[in-house]
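K.L.:
here's my sequence, what's the structure:
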Amino acid sequence: MVFFFLFPPQTHCPTLPPGATVSILKSLFQDVHVQSLLLADRACVYKMLINVMDTREAELKGLGADFVFGFVQSMDGERDPRNLLLAFQIAKRIIHRGYSLGKFAEELFEVTSCYFPIDFTPPPNDPHGITREELIQELREVLTGTPKFAEFLLPLIIEKLDSDVQSAKLDSLQTLAACVAWYEHKDLAGFLEGLWASLRREVFQTSSERIESAGLAALTAITSCLSRSVLSSDSEDALSIFLEMVLNDCKHHLCEPDLKLVWPTAKLLQAACSASNRASHIIVAAVMPSLIEQYNSKNQCSHRRTLLEVMQRFVQSVKSSESSENEELVLSAVCPSLCSVTFAALSETNGSLQVTAMSVLISLARQAGLLSNSQIELAVDHLARLVLSDEDDTISLAVISCAGGLAELHPTVFITNMIPRIKKVIFSESIQQDGDSAQHTQPAVRQRCLSVLAAVSIKPSVAQESTPVLLEVLGAAHSGELGFSSEEAVLACSSLKTIAERVEDTEDSGRCFHDVIVPRLLSLALQAALKGEISSAHHSPLTQEAVLSTMVGVISTACSRLQPTLAGQTAVRFVSLFLDGDVSFLPGNSFPSQIKLLANHGDSWRQSQMVCLLMGCVCSLPRTAAVPQMERLLSELEEMSCTCSHVMSYTSAAKCFAGLLNKIPAGDFLDSRLQKTMTRILSELNSADSSVRMQAFTLMIWVAKALLLRYHPTCAALTDKLFSLLDDADLGPVAADGFSLLMSDSADVLSRACHADVRIMYRQRFFSENSAKLVQGFNAAPQEKKPNYLKALSNIVNKLPKQVQVTELPALLSLLLEALTYPDQGVQLSTLSCLEPVIADPPPALIQQLEALVVRLLPLTSAPNMNVKIASLRCIHALSRFPEHEVLPFRARVLRALARPLDDKKRLVRREAVQARGEWFLLGSPGGR
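P.N.:
This is a model prediction of the structure:
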C-alpha cells in the first residue's frame, strides 16, 4: 500500500516501461478502496491520476471505459472540497479529452451530479483558499461538457428549478445556458416543454434580478441551439414548434388592457428574439403588428408609452443575418408602420412619449439598411423642430443624444439638413426682434443649437461643417454682432472641446484642428487682446477669464490627440508666436509686426493672460513631441510668473512652466534648470520686503506638484519650504491651501490626459513621507499658527483614497478633532468628509474619543454653511451605529441638539436631521435596533 502513495512523483518519470502505468492503475482500482483512505492519501490518488492523464494519455485511453469505471469507484462518496476540486478536474479531462465513456456515461454523471448544486461555504480564514465559485465552475464544466449527459442533466435542472433556494435556482439556470451551447436540437427535444414552463415561471414570479437575467439568458441559449437545426423536407422545425409554444403562452399578455404582465412577457419574447435571425423573423412577424395595433387603439399616454418602450426593446433585440446580403431584413415588413408610429409620437405634446419615440428612432437607425433616406430626413426634421421649439430640459437632452447617435450612422443628412438649419437660427435676428418673450427664449434656443452641434460631430466630415459655425459664433461674440453673450461664447468653446474629445481620431480630424480651429481661436483671442488695449468702446468677451479658460480646454484636448508630425508643427507655431511674435500662420493676419506676448506689459493684462493658451498647447502635447527653444521658453515663463502682477497671467505662466518641467527627461539640463528656479523662488520668498512673494509662491507650488507627480527628489526641498511657510504671517493660509493643490487632480495641466508623467500612488507616498512632519510642526507651532497646520492636514487627508483614510486616520484623530473647532468652513467640511467613512466602520481609537467627537459635531449642526450642517448630521447619524452601550449615554443630548436643524429653512438639512434624529430616538427602545 505504501507504494501507491510514493507513486505520484514516479508518474512523471519517462523511464516507466510501456504498460506499467496501466498495470499499476488496474491494481489500484481493483485492490484499493480509495474512500476508506485518509484525506491526504485520497488526494494523493487523485493527483496521481491527474499526472498519468497528463503524461500517459494514450495508454490510459487504451483501457477504454474501464478507466472511467475505475475513477467512478474511486470518487464515489468523496466529501472533502479539496479532493472534490481534484476529482472534478479528472472528470473534466475525461470528458473534454475524448476518453471513451462506453456504458458508464450515466455512472459518471451520477457520481458528479450528486454535488449539484454546490452549497459549500468555506470556513473563516480558510488556509486552503477553496471557494464556492471554484467548485461551481469545475462541476459545471463536467456536467455541460458532453451531449451524452443531456438526458440526465436536463431533468435534474428542471427539478432544481423548483427549489426554494435562490442560489440553487441561479446555478441551475447558468448551467442550463452553458450546456445547451454544446447540444443539438435533438438533445433538447423531449424536455422543451418542461424547460419552458420553468423559465416562464422564474421570469414571471421571481423577485431577484439575477435569477430573471439568468432565466432570460437560458431562454436565449435554448432558442439559439434550436436555431442551429438543419431543416429538411421530412423533419419538423424544432425552432418553430418551440417558439409557437412560447408565443401561445405569452402573446395574449401583450393585449391585456391594464398591461400588468407586458414587461415580463416582452422580456421573454425579446430574449428568444435575440437568439438568431430565424427566431427574430418568427417573433417579430407574430408580435410587432399586434403591438402597433395596440398602440393605435390606446388613448392613455402611459399605455402608449409602455407599448412604445416594448417595441423599442424588440427592435434592439432583433438579430440581423450575417450570411447573406440579399436576405430580407427582419423589420422590413413592419418598418413603415413602425416609423409612422414613431413620427406620430414625436409630434405629440407628451414629453415622455417623445423621449421614448427618440429611443425607438435610434434603435431603428442602428439596424443597418433598414431606414430609407426619406425616413432619415424626416427623422432629422423632427429632431430639428424639437431643438428649436421645445424648452423642456429632459426632451432637449434626449434630442441631443438621439441626434448624436443618428449623425454617427448617417452623417450626410446632418451635413445637408440639420447643420444649415441650426446655423440659420443661431445667426437669425428675427426672434430677437419679435418681443420680450422672444428675447427671453432666443438665448435658450442658441444654447440648445450649440449643444446639438457638439453632439452630432462624431464623424470628421460632420465636424468639418459644424466647427466653422462655432468659430463664427465666437467671431460674432468678439465683434459684438447679434448680441452674443459671454455665456454663449463659453458654450461655443465647450462645444468645440466636446468635438475635440469625441470626434474620431483620424488624420482629417487632426488636420482640421491643426490647420483651422486652433489657429482661428488664437487669432480671435489675439484680436480681442489687442482691441481691448486700443479701444474701450466694446470689450470683447474673449478677454474674459471664463471664455479663455474654456478655450484652453479646446486647445489642450486637440493638442493631446494630435499625430506626432502635427504635434511637432503645432509646438513650433505656438512657441514662435509667443517668443518671436510670428503671426504668419494666423488667419486674418492684420496684426502688428512686433508682438511680445511673454513680455511684462505692465497694466496690459489682456496680452499677458494669453499665456494660458500657450500652456494649453505645449503642456498637452505627447511627450514624444519636441518643444523648440526650451531653455529660452522656460526662462521667459519664469520671468513672467515672478514679475507679472496679473493673477491669471502669472498663474498660467507658472502652470505652463511646471507642465513643461514635468515632461523634461532626467539629466543635467533638468537639474540646472531646477537649481536656477529654486534659487530665485527661495530668494523672493525669504525676502519679507519682496513685492512678488505671492508670485514666487505660486511658481513654487506648481513646480512642487510637477516634481511630486514624477517622484523627483528635488520635490522634498520644495515641500519642506512649503511646511515652513505655514508659520509665515502673510503666506501661512495660502500655504495651507497649497496642500490641496498638491493632492488634487488638475484639469488643464499635469494630468494623464495631458500626457504628464504621473506615477501611481503619489498621494499615498506624499502622505507617508510628510504626515509626521505635519504633526511635529503643529506641536511646535505657536497657537495662532496652528489653524494653518490643521487646514493643511485636512486638505491632505481629504484627497487620500478612502481605504488609506480608514487605515491612517486613527493616528491623526486628535488633530482632526481639533480641526473641527477651526472656524474656516472649508476646513470643517473637508474634515467632516474625512471622518464620515471612518465613523461608518469605527476603529477602537475612535470609540474611545466618542465624547470629544459628539461635543465637536453637535455645534456644527447649526453652522451657517448648509454643506457643513449636512455633513455633520451625516456623521451624527453614523454615530448611532456605534455599540449601543457606548452611545446611549449621549442620546438625550443629541436629541436636544437635533431639534434645531429639524426647523432649518433648507429642505436637504431637514431631511438629514429627520433621518439622524430618528435613529437616535430608537436607541434603547424596544422597537430599536
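K.L.:
the bottom helix or strand of this structure by mean pLDDT?
P.N.:
Confidence across the helices and strands of the chain bottoms out at helix 2-10, with a mean of 44, counting by mean pLDDT, DSSP states H and E.
K.L.:
that helix: what's the following helix or strand?
P.N.:
Proceeding C-terminally, helix 2-10 gives way to helix 20-31 as the next helix or strand, assigned by DSSP states H and E.
K.L.:
only the buried residues of the helix or strand following that following helix, if you could.
P.N.:
Along the chain past helix 20-31, the next helix or strand (assigned with DSSP H and E) turns out to be helix 39-55. If you call a residue buried by 16 or more other Cβ atoms under 10 Å, then helix 39-55 has these buried ones: R42, A43, C44, V45, Y46, K47, M48, L49, I50, N51, V52, M53. (Glycine included, C-beta is placed from N, CA and C.)
K.L.:
check contacts around the fifth one.
P.N.:
Put plainly, it is Y46. Shown in contact with Y46 (Cβ atoms under 8 Å, 6 or more residues apart in numbering): S74, N83, L86, A87, I90.
K.L.:
how about those in CSV, adding secondary structure and distance to A379?
P.N.:
What follows is the contacts of Y46, written out as CSV (DSSP: H, G, I helix; E, B strand; the rest coil; distance: Cβ to Cβ, whole Å):
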residue, secondary structure, distance to A379
S74, helix, 67
N83, helix, 63
L86, helix, 61
A87, helix, 60
I90, helix, 60
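K.L.:
just the pLDDT for the nearest residue to T144 once chain neighbours are set aside.
P.N.:
Distance criterion Cβ to Cβ, 6 or more residues apart in numbering; nearest residue to T144, sequence neighbours excluded, is C179 at 3.8 Å. According to the predicted model, the pLDDT of C179 comes to 91.
K.L.:
hmm, C179 is touching A150, no?
P.N.:
Yes - between C179 and A150 there is a contact at 7.3 Å, judged by Cβ atoms under 8 Å.
K.L.:
which residue of these two possesses the greater neighbour count?
P.N.:
It is C179, of C179 and A150, that has more neighbours when counted by other Cβ atoms under 10 Å, with 25 against 22.
K.L.:
give the contact list for that one.
P.N.:
In this structure, C179 makes contact with L143, T144, F149, A150, L153, L154, judged by Cβ under 8 Å, 6+ apart.
K.L.:
how close does it get to P289?
P.N.:
Distance from C179 to P289, counting by Cβ to Cβ, to the nearest Å: 35 Å.
K.L.:
one more: P782?
P.N.:
Remark: distance between P782 and P289 (Cβ to Cβ) = 84 Å.
K.L.:
more crowded one of the two?
P.N.:
Each of P782 and P289 had its neighbours counted (other Cβ under 10 Å), and the higher figure belongs to P289 (14 against 7).
K.L.:
what helix or strand is the residue nearest to S549 when sequence neighbours are not counted located in?
P.N.:
Nearest residue to S549, sequence neighbours excluded (Cβ to Cβ, 6+ apart): C612, at 7.1 Å. Under DSSP H and E, the secondary-structure element containing C612 is helix 611-618.
K.L.:
for that helix, give me every contacting residue.
P.N.:
Applying Cβ under 8 Å, 6+ apart, the set of residues contacting helix 611-618 from outside is 518, 521-522, 525, 548-549, 551-556, 559, 570-571, 574-575, 578, 597-598, 627, 633, 637, 640, 648-649, 652-653, 655-656, 659-660, 748-749.
K.L.:
can you rerun that using 7 Å?
P.N.:
Contacts made with helix 611-618 from outside it, assessed by Cβ atoms under 7 Å, 6 or more residues apart in numbering, are listed as 522, 525, 548, 551-552, 555-556, 559, 570-571, 574, 578, 597-598, 627, 640, 648-649, 652-653, 655-656, 659-660, 748-749.
K.L.:
which of the residues in stretch 907-926 are buried?
P.N.:
Going by neighbour count (16+ other Cβ under 10 Å), the buried part of stretch 907-926 is V909, E912, A913, A916, R917, E919, W920, L923.
K.L.:
same check, this time on stretch 673-689
P.N.:
Neighbour counts using 16+ other Cβ under 10 Å place R673, L674, T677, M678, R680, I681, E684, L685 of stretch 673-689 among the buried residues.
K.L.:
which residues touch the host helix or strand of V552?
P.N.:
V552 belongs to helix 545-560 when elements are defined using DSSP H and E. When contacts are taken as Cβ under 7 Å, 6+ apart, the neighbours of helix 545-560 outside the stretch itself are 486, 489-490, 493-494, 496-497, 500-501, 513, 517-518, 521, 525, 541, 567, 570, 609, 612-613, 615-617, 620-621, 648, 748, 753-755.
K.L.:
cutoff 6 Å now
P.N.:
489-490, 493-494, 496-497, 500-501, 513, 518, 521, 541, 570, 612-613, 616-617, 620-621, 648, 748, 754 (Cβ atoms under 6 Å, 6 or more residues apart in numbering).
K.L.:
between the buried residues of stretch 907-926, which sits nearest L192?
P.N.:
Closest approach between these and L192, by Cβ to Cβ: E919, at 53.0 Å.
K.L.:
ok, now how distant is the closest one from R385?
P.N.:
Counting by Cβ to Cβ - E919 and R385 are separated by 52 Å.
K.L.:
again, but for I422
P.N.:
If you measure I422 against R385 using Cβ to Cβ, the figure is 12 Å.
K.L.:
could you pull out the buried residues of the helix or strand harbouring L199?
P.N.:
Secondary structure assigned from DSSP H and E places L199 in helix 192-205. For helix 192-205, burial by neighbour count (16+ other Cβ under 10 Å) applies to L192, L195, W196, S198, L199, R200, E202, V203, F204.
K.L.:
in a markdown table: these, plus pLDDT and distance to F882.
P.N.:
Written out in a markdown table, the entries for the buried residues of helix 192-205 read as follows (pLDDT from 0 to 100; distance: Cβ to Cβ, whole Å):
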| residue | pLDDT | distance to F882 |
| --- | --- | --- |
| L192 | 90 | 57 |
| L195 | 92 | 51 |
| W196 | 93 | 53 |
| S198 | 92 | 47 |
| L199 | 92 | 47 |
| R200 | 91 | 48 |
| E202 | 90 | 42 |
| V203 | 90 | 43 |
| F204 | 88 | 44 |
